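*Asks:* Please find the sequence and the predicted model below.
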Amino acid sequence: MQLSVIILNYNVRYFLEQCLFSVQRALEGIDSEIIVVDNASSDDSCDMVKTKFPHVKLIKNSANLGFPKGNNIGVAEAKGDYICILNPDTVVAEDTFVKILNSQLSILNSQLGIIGCKLIDGSGKFLPESKRGVPTPWVAFTKLFGLYKISNAFGDYYAQHLAENESGKVAILVGAFMWMPRILYLEVGGFDEDCFMYSDDIDLSYTIEKSGKSNYYFHETSIIHYKGESTVRDGTYRRRFQEAMQFFYKKHFKKSWFFDGMMYVGSFVFSLLKKHEQKDEVRTIDEYVVFTKGQLQINLSQKTLYYSSLNQFESEPSKNREIIFDTATFSFAEIITFMEQNKDKNLSFKNYIVSSNYVIGSNHSTDKGQIIML
């Protein structure tokens with residue numbers, strides 16, 4: 001088997017359905033499997049998987065075991081030569097996996113570490129955490145105080161030696177999408193289960209790099225990551241984020257009382273900033289545009305235009321418009337490309353999922369997301 005896709009889910013039933021829909025398309029023609037590990041969701045995620053995706057291997061945990069352990073359980077059941085750790089609040093293009101399989105990166109064999117790809121948020125904007133450097137105390141300082149915005153000389157945090165549309169070696173890749181040889185994952189012990197979540201991807205990336213492998217950012221395929229959906233940034237989030245940062249530094253860097261104090265203060269401030277990033281962005285919609293090649297009709301509150309071709313679209317910056325894509329008649333690759341090309345034009349984007357008759361998406365990387373049942 002070539003590829004096992006591991007998706008760890010916790011209470012994001014509708015995003016999971018959309019993710020599985022996209023992964024199913026992207027795996028056509030590839031000897032592969034999909035494994036969903038559910039961390040004791042209280043919604044109907046598991047029933048949805050059983051009903052709508054019966055070919056998917058579903059593992060139901062009796063408690064929320066955290067990101068590392070949940071993924072380790074999934075990989076233990078995997079049979080693919082490669083694995084892809086994938087967040088449930090993502091959408092992959094139909095050619096995402098094929099492009100990586102056919103790239104030169106996939107034949108590096110013993111040198112290959114993790115491959116990550118280009119991530120965009122629900123508004124079509126590039127997510128800079130798609131590629132990162134090792135967050136040493138100095139690098140973390142440049143991020144915390146925004147020095148990376150001033151000059152690429154301070155750009156290690158977001159691996160600014162590479163442009164957004166330039167592939168190459170990086171130290172750290174994001175856990176929303178991590179492709180690697182399964183044997184390598186097992187050799188390094190997978191994700192460290194002493195960390196519940198948040199710094200696990202940094203730790204695994206750094207551990208693999210220190211083992212002599214090379215991690216790569218691959219820009220030639222883009223996926224959507226609805227980044228704010230999976231996590232409510234409350235007091236528990238702040239505490240766990242702070243603990244995760246301290247876990248990474250204590251594990252990998254020389255400690256002293258001064259260092260420990262600096263990291264405690266830094267992680268606390270960092271977690272506060274991350275907590276206050278989250279917002280539910282409410283937009284006033286002047287007009288809807290629905291792209292469908294079928295007979296789809298949606299009852300919406302404002303004027304609605306229906307187009308059968310993406311080329312029919314004309315920008316009108318004076319209007320706040322929401323684009324709705326019929327995913328049954330347009331490919332996710334077409335949708336992702338359109339989003340990237342039309343970001344920052346007073347537009348928001350949503351996908352229509354016919355199998356459960358709902359519209360889904362988010363307006364910003366820190367927006368919790370929106371699901372509209374039709």
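*Replies:* Now that the structure is in, tell me what you want to look at. Just so we're clear, the structure is a prediction, and the values are computed from it rather than from any experiment.

*Asks:* Looks to me like Glu33 is in a helix.
*Replies:* No. Under DSSP: H, G, I helix; E, B strand; the rest coil, Glu33 falls outside any helix and is assigned strand.

*Asks:* From Gly70, how far out is it?
*Replies:* Plainly put, Glu33 is 17 Å away from Gly70 if you go by C-beta to C-beta, to the nearest Å. From N, CA and C alone the C-beta is placed, and that goes for glycine too.

*Asks:* Ala78 too?
*Replies:* In this structure, Ala78 lies at 13 Å from Gly70, with C-beta to C-beta as the measure.

*Asks:* okay, these two: which has more neighbours?
*Replies:* Between Ala78 and Gly70, Gly70 has the larger neighbour count (other C-beta atoms under 10 Å), namely 25 against 21.

*Asks:* pretty sure the more buried one is touching Asn61, no?
*Replies:* Yes. Counting by C-beta atoms under 8 Å, Gly70 touches Asn61, with 6.6 Å between them.

*Asks:* residue ranges of the strands in the stretch 151-300 of the chain, please?
*Replies:* Per DSSP state E, counting those that start in this stretch, the stretch 151-300 of the chain has strands spanning 168-170, 177-181, 214-225, 287-291. These are given in chain order.

*Asks:* Quickly compare those and say which is most buried.
*Replies:* Each of the strands of the stretch 151-300 of the chain was given a mean neighbour count from mean count of other C-beta atoms under 10 Å, and the largest, a mean of 24, is that of strand 177-181.

*Asks:* tell me which strands and helices that strand is in contact with?
*Replies:* The contact analysis (3 or more C-beta pairs under 8 Å, 6 or more residues apart in numbering; DSSP states H and E) places strand 177-181 against strand 82-86, strand 112-120, helix 200-210.

*Asks:* what about 10 Å?
*Replies:* Where contact means 3 or more C-beta pairs under 10 Å, 6 or more residues apart in numbering; DSSP states H and E, strand 177-181 is packed against strand 3-9, strand 82-86, helix 96-102, strand 112-120, helix 200-210, strand 214-225.

*Asks:* and Gln302, which of those is closest to it?
*Replies:* Between Gln302 and the helices and strands packed on strand 177-181, the shortest separation by C-beta to C-beta is 24.3 Å, and it involves strand 214-225.

*Asks:* returning to what we had before: TSV please, covering the strands of the stretch 151-300 of the chain and showing distance to Ser356.
*Replies:* TSV is the format used below for the strands of the stretch 151-300 of the chain (distance: least, C-beta to C-beta, whole Å):
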stretch	distance to Ser356
strand 168-170	37
strand 177-181	24
strand 214-225	18
strand 287-291	18
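
*Asks:* Please tabulate the ones you listed in CSV, including the columns distance to Cys84 and mean pLDDT.
*Replies:* Supplementary listing: the strands of the stretch 151-300 of the chain in CSV, determined by distance: least, C-beta to C-beta, whole Å; pLDDT from 0 to 100:
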stretch, distance to Cys84, mean pLDDT
strand 168-170, 17, 96
strand 177-181, 5, 97
strand 214-225, 11, 97
strand 287-291, 28, 97
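
*Asks:* between the ones you listed, which one is nearest to Phe145?
*Replies:* Of all the strands of the stretch 151-300 of the chain, strand 168-170 sits nearest to Phe145, with 22.1 Å by C-beta to C-beta.

*Asks:* before we move on, the earlier item: identify the contacts common to Ala78 and Gly70.
*Replies:* In the contact map built from C-beta atoms under 10 Å, 6 or more residues apart in numbering, the residues linked to both Ala78 and Gly70 are Ile6.

*Asks:* For Asn357, give me phi and psi.
*Replies:* According to degrees, to the nearest 10, the main-chain angles of Asn357 amount to phi 60, psi 60.

*Asks:* Could you give the number of residues near it?
*Replies:* The burial metric for Asn357, expressed as a neighbour count using other C-beta under 10 Å, is 11.

*Asks:* Over to the one 3 residues further on?
*Replies:* Each residue near Ile360 was counted by other C-beta under 10 Å, and the total is 24.

*Asks:* And Leu108, by the same measure?
*Replies:* Here the number of neighbours of Leu108 (other C-beta under 10 Å) works out to 15.

*Asks:* does the residue nearest to it when sequence neighbours are not counted have beta-bridge partners, and which?
*Replies:* Here the nearest residue to Leu108 in space, its sequence neighbours aside, is Ser214; by C-beta to C-beta, 6 or more residues apart in numbering that works out to 7.3 Å. As for beta bridges, Ser214 partners with Leu112 under DSSP bridges.

*Asks:* list the contacts for Ser214?
*Replies:* Under the contact definition (C-beta under 10 Å, 6+ apart), the residues listed for Ser214 are 105, 108, 111-115, 168-171, 208.

*Asks:* would you list every one of the helices in this structure?
*Replies:* According to DSSP state H, the chain carries its helices in the segments 13-26, 45-52, 67-76, 96-102, 137-144, 182-187, 200-210, 235-252, 257-277, 332-341.

*Asks:* mean confidence score for the third one?
*Replies:* Mean pLDDT, computed over helix 67-76, is 96.
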